[in-house]
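Asker: Sharing a model that was predicted from the sequence below.
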2 protein chains.
Amino acid sequence: MGGADFDLIVLGGGPAGSNAALHAAGIGMKTALVEPGFLGGTCLNAGCVPTKYLLGASACLPLLRAQRRYKVAQGETPFDFAALQARKERYIRGARKALQKKLEQAGVTLFKGRGVFSGPQLVTIRGSSLETKLTFFKCLVAIGSIPASFPDLKPDGATVCSPASILNLLDVPKSLIIVGAGAIGLELGELLHRFGCNIDLTEASSRLLPREDPEVGAALYSHYARQGWNIHRGRRIRSVKTVDGRSVLTFADGETLTAETSLLCIGRRPATAALTPEAAGLAVKDAGWLDSDAYLRCSEHVYAVGDINGRMLIANAAEHQARYAVEHAAGATRDPYRCDAVPSCIYGGMEFMRVGPTAKELLGEGERVFLSKAPLAASPVAQSSGCIRGFVKMLWTNDSLRSVYAVGHDVSHLLTAASLLVSGQMKKNVPLPLIRAYPALDEVLESAIAAPLQSVEDDAC
Amino acid sequence: MGGADFDLIVLGGGPAGSNAALHAAGIGMKTALVEPGFLGGTCLNAGCVPTKYLLGASACLPLLRAQRRYKVAQGETPFDFAALQARKERYIRGARKALQKKLEQAGVTLFKGRGVFSGPQLVTIRGSSLETKLTFFKCLVAIGSIPASFPDLKPDGATVCSPASILNLLDVPKSLIIVGAGAIGLELGELLHRFGCNIDLTEASSRLLPREDPEVGAALYSHYARQGWNIHRGRRIRSVKTVDGRSVLTFADGETLTAETSLLCIGRRPATAALTPEAAGLAVKDAGWLDSDAYLRCSEHVYAVGDINGRMLIANAAEHQARYAVEHAAGATRDPYRCDAVPSCIYGGMEFMRVGPTAKELLGEGERVFLSKAPLAASPVAQSSGCIRGFVKMLWTNDSLRSVYAVGHDVSHLLTAASLLVSGQMKKNVPLPLIRAYPALDEVLESAIAAPLQSVEDDAC
């Protein structure tokens, strides 16, 4: 592909970057990957993998709590949080090494350093000692995002934590203020609460997960309120400060909360600061997200994939974009990028999952939307866990299944089956092409398919 | 449908009978259901539902054990088994009542008593006080099966138990001999072992689950052996006797095992004893299973569905047959009965699942069979649980997916997605029509799809 140093230079070694590099090398492109930090990005090192690891390893705790409530289980179960953290670190370290080996075996050239544009087809790599200039035929920017904070507040990883730094605590704080009730705030609050941390959850919106069906937020609210969280909804925040070694949150109305630690889950911002995108003629928008066209291109030679393009800040969407961008860069496709149904999911004792658009999004397309619903409580499996609250809902337009979402214990396990049903454009009242196992939580999917339809109006979602 | 008392008389109120009655009433047939015992049959009262309820309620125990092994969890967690049994009984009682209400609301006439044939279209119902004769246009026999025992050995529900009676113990025996290492023996052994019962497992075959891929039995064997079970494979049994209030098993070679209780999981036999099938001109085969044709008919007017026809002794297959038989009886279909993929599944700390034929069955059809395989250990979710052993395997013929099976922690959750992939006749190397959640155990399905194929030979399965 010409006389450049590399056919493809990938900036960033997270889910998007490493998958792009593997795929490019696999189809014969001479590929470099440039990463200043750890391979694996936020997902592996400070995001979904360590969070899920810690939640998975402590999954017994909410189950035990349910059985204690019913006087079936007795006594306490002390957990050694530092020992768990050590196990998690060992696992992450191993996964990082395995990723490096995989990239090297695939023939990807790895550069440790920060990639900075110096021209339309030129990157300068700034490592600890060296500075290297490399030309490329195509470049894929996948440098991700970093946790947002308040102006003039720099999390210290102790009294004020980012989602990344709180995952490294060796001691469980006695009390925690969580700012922001999105997926990350809920998962990390669930995790620390399992180990005895007292939770204050604050959210500017009047409900949890404000983008979702109000019944979803209401179910999560009552779940967390029931287990003793103090939840402050519809409250604007004036400041978060450290006073005498403790974290003090002040609401706009002057009321304060005090805790050992605060956790800021107020979104993420692009990691474009040191990229000098203008040197390659790339445009940025809003807070610095790279502007990309229908082909995920920022210029003739440069693609932006994953968080950095500001489209969807989630690892699985990043991987999907990365694969497409490599195919497009290699000339294997000319179609614009298309992504139908990115599943979202919140892990924990009471989980949330959705695949397909929200009712609001479907109504926005001018569709007539119908809903069917089944409660988890009808399933012997849900009954057995002692966690029976929750439901599966399905959205239909023109008798075709468009979305499936659910809240409740273990509902994340329904996601792949739900995705296959949505992508198969299943019709209402057509039996599933399978015999399911019995009993299994999945029977609630069947019940939702068979449930009567009700029309969805705009003011109800 | 003529001058009979009922369009359809259903004998037996288990999964097959109650679903048949509900479906028949729903399409306007005048329907009666005759059941001498509890509605819900073995499945609800003495089979999969109570077993899964007890396994689900104690699912925290193997997870805790894993974390104790890693020195993350500490201490003991006493469980009150009798309190758990009381909860289970309450749930089953409620589910039974709900089923009765559902049948009554659907317009099904319920008879408490044993249905006995008195002619080709005549049933006598023998209740505690009354004897009623009823004519039918069609009859559906769904009276199920009962646990088999050795000749001259009648389980007393204490020293010698059937799978049904052991589910009612209020105390966990200190030691248990399980005769037969099929799904039921493994699930019940897993359950009682969680509460501290010492297990001796005996199996006449040289491996566990002899119908499955040898790697499946080997993985289960090493799992149970590792947790301290004494497993006796390839050993024939001479007798099981009660001696001085303890259960004594004698192998064919004279060696003995002694335990507080024995559990006989040596198959099931048909419940035809009191049916007098000959009065309706029905033929029985082998030990008394009702002979049925390609339409599940035993005669012009009588169908046999569920266990009693001896085809597949599993509740979900029974329900599927029941629905078909009602459709056929009502004239809504003329096609022969067809059932592609009945999923099977063993619940527990290390689970098994399969949907689609075994390799042996495919080879028997003269197919060239290929296999792909992915280990669970690559999934962060498997790693987090501390239970990393196991795998997903897929069988392919002519590049089409025919079967998926797996062993490992939580693999039963993959069953519906796997069933949809098999019924969709997915092709090798075609990407899944979805973006999956990350991390999730389901990624092992994707890995197995992408894994290299190896040819399967007859002597390896």
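Answerer: Alright, I've got the coordinates.

Asker: got the residues of the stretch 351-461 of chain A near chain B?
Answerer: Selection of the stretch 351-461 of chain A residues close to chain B by CB under 8 Å from any CB of the partner chain yields A:353, A:355, A:380-381, A:383-386, A:410, A:412-417, A:419-424, A:432-442, A:445. In short, each C-beta sits where N, CA and C put it, glycine included.

Asker: Show me which of those are buried.
Answerer: A:353, A:355, A:380-381, A:383-386, A:410, A:412-417, A:419-424, A:432, A:434-442, A:445 (16 or more other CB atoms under 10 Å in any protein chain shown).

Asker: Just the residues you listed: which are in strands?
Answerer: Secondary structure of those is defined by DSSP state E; positions in strands are A:353, A:355.

Asker: Give me the subset of the buried ones among the residues of the stretch 351-461 of chain A next to chain B lying in helices.
Answerer: Counting by DSSP state H, the part of these found in helices is A:380-381, A:383-385, A:415-417, A:419-423, A:445.

Asker: Of these, just say which sits nearest to chain B.
Answerer: residue A:384 (2.7 Å; CB to the nearest CB).

Asker: Next to chain B, which bits of the stretch 1-150 of chain A? Give me the list.
Answerer: Within the stretch 1-150 of chain A, the positions near chain B by CB under 8 Å from any CB are A:15, A:43, A:48-49, A:52-61, A:63-64, A:67, A:70-80, A:83-84, A:87, A:91, A:95.

Asker: Out of those residues, list just those in helices.
Answerer: A:15, A:43, A:48-49, A:52-57, A:60-61, A:63-64, A:67, A:83-84, A:87, A:91, A:95.

Asker: Please convert the ones in helices among the buried ones among the residues of the stretch 351-461 of chain A next to chain B to a markdown table, extending it with distance to residue A:342 and pLDDT.
Answerer: Formatted as a markdown table, those follow (distance: CB to CB, whole Å; pLDDT from 0 to 100):
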| residue | distance to residue A:342 | pLDDT |
| --- | --- | --- |
| A:380 | 32 | 93 |
| A:381 | 27 | 92 |
| A:383 | 32 | 93 |
| A:384 | 32 | 92 |
| A:385 | 28 | 89 |
| A:415 | 11 | 94 |
| A:416 | 13 | 93 |
| A:417 | 16 | 93 |
| A:419 | 10 | 93 |
| A:420 | 15 | 92 |
| A:421 | 16 | 92 |
| A:422 | 11 | 93 |
| A:423 | 12 | 90 |
| A:445 | 19 | 93 |
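
Asker: ok, back up a step: and the residues of the stretch 1-150 of chain A next to chain B, which are buried?
Answerer: A:15, A:43, A:48-49, A:52-61, A:63-64, A:67, A:72-73, A:77, A:79, A:83-84, A:87, A:91, A:95.

Asker: mind showing which ranges of the stretch 1-150 of chain A have poor pLDDT?
Answerer: Within the stretch 1-150 of chain A, the stretches with pLDDT under 70 are A:1-2.

Asker: And the stretch 201-350 of chain A, by the same measure?
Answerer: When residues are selected by pLDDT under 70, none of them lie in the stretch 201-350 of chain A.

Asker: how about 90 then?
Answerer: A:210, A:271-274, A:286-287, A:339-342 (pLDDT under 90).

Asker: residue boundaries of the helices in it?
Answerer: Taking DSSP state H, counting those that start in this stretch, the helices of the stretch 201-350 of chain A run over residues A:214-226, A:315-329.

Asker: what about those helices, which gets the closest to residue A:126?
Answerer: helix A:315-329 (23.4 Å; CB to CB).

Asker: gap between residue A:131 and residue A:108?
Answerer: 21 Å (CB to CB, to the nearest Å).

Asker: Between those two, which has more neighbouring residues?
Answerer: residue A:108 (25 against 10; other CB atoms under 10 Å in any protein chain shown).

Asker: so the more buried one touches residue A:29, yeah?
Answerer: No: taking CB atoms under 8 Å as the definition, residue A:108 is not a contact partner of residue A:29, at 9.7 Å.

Asker: Give me whichever of the helices of the stretch 201-350 of chain A is most buried.
Answerer: Mean neighbours per residue, mean count of other CB atoms under 10 Å in any protein chain shown, is largest over the helices of the stretch 201-350 of chain A for helix A:315-329, with a mean of 25.

Asker: For it, which outside residues touch it?
Answerer: The contact list for helix A:315-329 (CB atoms under 8 Å, 6 or more residues apart in numbering or on different chains) reads A:8, A:14-17, A:19-20, A:23-24, A:27, A:29, A:41, A:43, A:47-48, A:138, A:140, A:142, A:295-297, A:303, A:305-307, A:309, A:311-312, A:333-334, A:337, A:339, A:342-343, B:435-438.

Asker: Buried subset of those, written for PyMOL?
Answerer: To isolate in PyMOL the members of these that are buried, counting by 16+ other CB under 10 Å, one can use:
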select buried, (chain A and resi 8+14+15+16+17+19+20+23+24+29+41+43+47+48+138+140+142+296+297+303+305+306+307+309+311+312+337+342+343) or (chain B and resi 435+436+437+438)
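
Asker: among the contacts of helix A:315-329, which are in strands?
Answerer: Mapping the contacts of helix A:315-329 onto strands (DSSP E) picks out A:8, A:138, A:140, A:303.

Asker: Would you pull up how far stretch A:452-461 lies from the middle of the chain?
Answerer: Centroid displacement of stretch A:452-461 relative to its chain, using CA atoms, centre = their mean, to the nearest Å, is 28 Å.

Asker: Surely residue A:404 is within a helix?
Answerer: No: secondary structure of residue A:404 (DSSP: H, G, I helix; E, B strand; the rest coil): strand, not part of a helix.

Asker: how much space between it and residue B:236?
Answerer: 51 Å.

Asker: And these two? Which one has more around it.
Answerer: residue A:404 (27 against 9).

Asker: what's the closest non-adjacent residue to residue A:354?
Answerer: Leaving aside its chain neighbours, residue A:354 sits nearest to residue A:405 (3.7 Å; criterion: CB to CB, 6 or more residues apart in numbering or on different chains).

Asker: got a list of what the nearest residue to residue A:254 once chain neighbours are set aside touches?
Answerer: Nearest non-adjacent residue to residue A:254, counting by CB to CB, 6+ apart: residue A:238, 7.7 Å away. By CB under 8 Å, 6+ apart, the contact set of residue A:238 is A:250-252, A:254.

Asker: Redo those as TSV? Include neighbour count.
Answerer: Formatted as TSV, the contacts of residue A:238 follow (neighbours: other CB atoms under 10 Å in any protein chain shown):
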residue	neighbour count
A:250	14
A:251	15
A:252	11
A:254	7
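
Asker: In terms of distance to chain B, which of these ranks first?
Answerer: residue A:251 (34.6 Å).

Asker: So that closest one is in contact with residue A:232, correct?
Answerer: Yes: assessed by CB under 8 Å, residue A:251 is found in contact with residue A:232 at 7.5 Å.

Asker: which neighbours do those two share?
Answerer: Between them, residue A:251 and residue A:232 share these contacting residues under CB under 8 Å, 6+ apart: A:202, A:257.

Asker: Just list the residues touching the nearest residue to residue A:340 once chain neighbours are set aside, thanks.
Answerer: Nearest residue to residue A:340, sequence neighbours excluded (CB to CB, 6+ apart): residue A:423, at 6.9 Å. Taking CB under 8 Å, 6+ apart, we find residue A:423 in contact with A:340-341, B:433-434.

Asker: With residue A:291 instead?
Answerer: Contacts of residue A:291 (CB under 8 Å, 6+ apart): A:282-285, A:298, A:304, A:309.
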